[in-house]
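Asks: Sharing a model that was predicted from the sequence below.
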Amino acid sequence: MKRNRRYSILTRAPILLLILWVISILNGCRAGEERFELTNYLGSSIDTFKRRTGATLEETSNGVYVLKDQLQIIVTDDGIASVMLLNKAEDYTIFGIGIGTASKDAEQILTGLYEKEIDKTITSSNNYITYSYIDGAYELYVSYDIDKNQVAEMSYYYIDNNNKEETLNGDNIGFGQLIAMIGDQRVYYNEAMVYLKAAQEIYETEYGSEIWDIDIYGDGSSFGDLIKDEVIKQITELKVIKAEASKRGIELTNEEIEEANSNARKHYNGLSNKDIDRYYITEELLQNVYQENLLAEKVFETITLNVDNNVPSYEANQITVQHILIYGVDFDDEGNMLPLSAEEKTKAYDKVQSLWEQARETDNFYGLAQANTQASEIQFTFGRGKGPKEYDSAFEQAAFTLKTGEVSDIISTDYGWHILYCVTDYDEDATIAYKEQVIEQRRNQLFTSLYSQWASEYEVIVNSEVWRSIPFDK
């Protein structure tokens, strides 16, 4: 049975055009919760914030913007410097925590991000208890409603412009820096960098090292930022699948563990000393990474093993035909169709009739087509409903009436006249490949649906300030 490599960013090669791939990622991503995560906007312009969130803010004083009862944002020359969640903020979050989040849930998240609060104060007027945390150039305040045991207000400040560059650069981030939490699983800097460097190598090999600063949407988000988002998404998938595997008792065998460790050893031996030291990579870390990727594949195979593999012959059968096309229209410089004169049309049809007579007698239809067709492509292999898109349904209908070796009557489409020759009315290899494709699609659909249910049970928190600061350099 073939292994599905969908979850291994370490081994897969780029399979889509760059821009299309990025757009497909972001169409889903931008519609989700991330655009309301306020830590993503520190340092950004207020216009970027408005554009991405759709919020209508009122500037109450110089540099102070308010969304009534929901947000207060302070902007300096360097961009957004602080964000505050007010008591009616419904959609917005800071580190994934929002107004109304249960105290125990918020504290669990913050314990993963900060070792300990630096201060704790109680405000008797509103019965709030406020915890404060500091991390380099950033300070966080979380106020809990003591009676309701839930978050009532939050503030996140950028407090030291001069220290930001020194605190948040790739060289000074330690391997113990927490990058993300997926449920109760923690992802540290060195593990995240294994995936990020793998993605970097793939894309730089294909598109060059200048790709990372490209602004795809013209909104200040670089391509590098978009790939970082995708890497976090990839890691999240692996961690969720790992947790679900544990629930279902799905484990790697000793042989599979050895396979993963062998690949990890090869990976480690191929690293430079500079990368090992800089990114804190160990062979044990790589073993865990490769085991998690292999486990994800095994979960996919196990969960989707019994998917319906019946593909009706009527749907699956693939045919191969060749054709000759003689235009019954002309084209302008922009490719728009223009009608032929009556004389030109008659001449074209006379040519089609002559070719049709030859086609019925020749043993080399392909050679006849090569010498006379006005089409750019002579041969097509397809199933029902999958005929050449450039021609109307008459082409496909005629093709499926033919037996192997037969020549069609003259067929009319918008382009003109076609003569079809059936190479085979059952292309066995193509039919088998189509069935495998349909079954694989069913497996992917089933797994995607199951994963969506699993993922809804896991909270994902990303240390965006650190993650965004990591450079794409050699």
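Replies: Now that the structure is in, tell me what you want to look at.
Asks: From now on I want contacts and neighbour counts done on CA atoms only, so please keep to that.
Replies: Noted.
Asks: Please identify which helix or strand holds the closest residue to Lys351 other than its chain neighbours.
Replies: The shortest distance from Lys351 to any non-neighbouring residue, by C-alpha to C-alpha, 6 or more residues apart in numbering, is to Ile326 (7.9 Å). Secondary structure assignment for Ile326, by DSSP states H and E: strand 319-327.
Asks: Now the element after that strand, going C-ward?
Replies: Next helix or strand after strand 319-327 toward the C-terminus (DSSP H and E): strand 329-331.
Asks: helices or strands next to that next one in the packing?
Replies: Here strand 329-331 touches strand 337-339, going by 3 or more C-alpha pairs under 8 Å, 6 or more residues apart in numbering; DSSP states H and E.
Asks: quick one: contacts of the strand it packs on?
Replies: Gly328, Val329, Asp330, Phe331, Asp332 (C-alpha atoms under 8 Å, 6 or more residues apart in numbering).
Asks: average model confidence for that strand?
Replies: Averaged across strand 337-339, pLDDT comes to 90.
Asks: And the contacts of the helix or strand that comes right after that strand?
Replies: Next helix or strand after strand 337-339 toward the C-terminus (DSSP H and E): helix 342-361. Helix 342-361 is contacted from outside by Ile326, Tyr327, Gly328, Val329, Phe365, Leu368, Val407, Asp409, Ile410, Trp417, His418, Ile419, using C-alpha under 8 Å, 6+ apart.
Asks: Go through those and name the one nearest Gln185.
Replies: His418 (61.6 Å; C-alpha to C-alpha).
Asks: on that earlier part again, looking at the contacts of strand 337-339, which has the most residues close by?
Replies: The most crowded member of these, judged by other C-alpha atoms under 10 Å, is Gly328 (22 neighbours).
Asks: which one's the longest helix in the protein?
Replies: Of all segments of type helix in the chain, defined using DSSP state H, the longest is helix 428-455.
Asks: average pLDDT for that helix?
Replies: Per-residue pLDDT over helix 428-455 has a mean of 94.
Asks: Report all helices and strands that that helix contacts.
Replies: By 3+ C-alpha pairs under 8 Å, 6+ apart, helix 428-455 packs against helix 223-248, helix 313-316.
Asks: can you rerun that using 7 Å?
Replies: Packing contacts for helix 428-455, counted by 3 or more C-alpha pairs under 7 Å, 6 or more residues apart in numbering; DSSP states H and E, involve helix 313-316.
Asks: pLDDT below threshold where in the chain?
Replies: For the chain, the stretches flagged by pLDDT under 70 are 1-33, 121-125, 159-176, 474.
Asks: which residues in the stretch 151-300 of the chain form strands?
Replies: 178-182, 185-188 (DSSP state E, counting those that start in this stretch).
Asks: Identify, out of these, the most deeply packed stretch.
Replies: Stretch with highest mean neighbour count among the strands of the stretch 151-300 of the chain: strand 178-182 (a mean of 22; mean count of other C-alpha atoms under 10 Å).
Asks: and this protein, what are its domains?
Replies: Annotated domains of the chain cover 1-31+183-310+436-474, 34-167, 319-425 [automatic domain parsing].
Asks: Which one of those domains lies nearest to Gln177?
Replies: Across those, closest to Gln177 is domain 1-31+183-310+436-474 (C-alpha to C-alpha), at 5.5 Å.
Asks: hang on, the earlier thing: any chance of the domains of the chain in a markdown table, with distance to Gln177 too?
Replies: A markdown table is the format used below for these (distance: least, C-alpha to C-alpha, whole Å):
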| stretch | distance to Gln177 |
| --- | --- |
| domain 1-31+183-310+436-474 | 5 |
| domain 34-167 | 9 |
| domain 319-425 | 52 |
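Asks: ok, the nearest residue to Asp135 once chain neighbours are set aside to Gly100 distance?
Replies: Leaving aside its chain neighbours, Asp135 sits nearest to Tyr114 (7.6 Å; criterion: C-alpha to C-alpha, 6+ apart). Per C-alpha to C-alpha, to the nearest Å, Tyr114 is found 21 Å from Gly100.
Asks: Who has more neighbours out of these two?
Replies: Between Tyr114 and Gly100, counted using other C-alpha under 10 Å, the more crowded position is Gly100 (19 against 14).
Asks: who touches that one in this structure?
Replies: Gln150, Val151, Ala152 (C-alpha atoms under 7 Å, 6 or more residues apart in numbering).
Asks: so who does the second one touch?
Replies: The reference is to Val151. Residues in contact with Val151, defined by C-alpha under 7 Å, 6+ apart, are Gly98, Ile99, Gly100, Thr101, Ala102, Ser103, Ser143, Tyr144, Asp145.
Asks: my guess is Gly387 contacts Gln397, does it?
Replies: No. Using C-alpha atoms under 7 Å, Gly387 makes no contact with Gln397, being 8.9 Å away.
Asks: So the two - more neighbours on which side?
Replies: Taking neighbours as other C-alpha under 10 Å, Gly387 and Gln397 compare with Gly387 leading, 19 against 14.
Asks: picking that back up, distance of the residue nearest to Lys351 relative to Val299?
Replies: Counting by C-alpha to C-alpha, the gap from Ile326 to Val299 is 53 Å.
Asks: now swap in Tyr451 and tell me
Replies: As defined by C-alpha to C-alpha, Tyr451 lies at a distance of 11 Å from Val299.
Asks: now swap in Arg51 and tell me
Replies: Using C-alpha to C-alpha, we find Arg51 at a distance of 40 Å from Val299.
Asks: who's more crowded, these two?
Replies: The neighbour comparison of Arg51 against Val299 (other C-alpha under 10 Å) goes to Val299, with 21 against 12.
Asks: distance of the more buried one from Ser262?
Replies: 20 Å.
Asks: Same question for Val231.
Replies: 24 Å.
Asks: who has more neighbours, these two?
Replies: A count of neighbours by other C-alpha under 10 Å puts Val231 above the other of Val231 and Ser262, at 20 against 14.
Asks: partner residues bridging Ile74?
Replies: With DSSP bridges as the criterion, Ile74 is bridged to Val64, Ser82.
Asks: all numbers from here: first residue = 24
Replies: Got it, first residue is 24 now, which makes that one Ile97.
Asks: That one against Val89, yeah?
Replies: No. Checked against C-alpha under 7 Å, the pair Ile97 and Val89 is beyond contact range at 8.9 Å.
Asks: what helices or strands is the strand holding Ile349 leaning on?
Replies: Using 3+ C-alpha pairs under 7 Å, 6+ apart, the elements in contact with strand 342-350 are helix 388-395, strand 402-405, strand 439-447.
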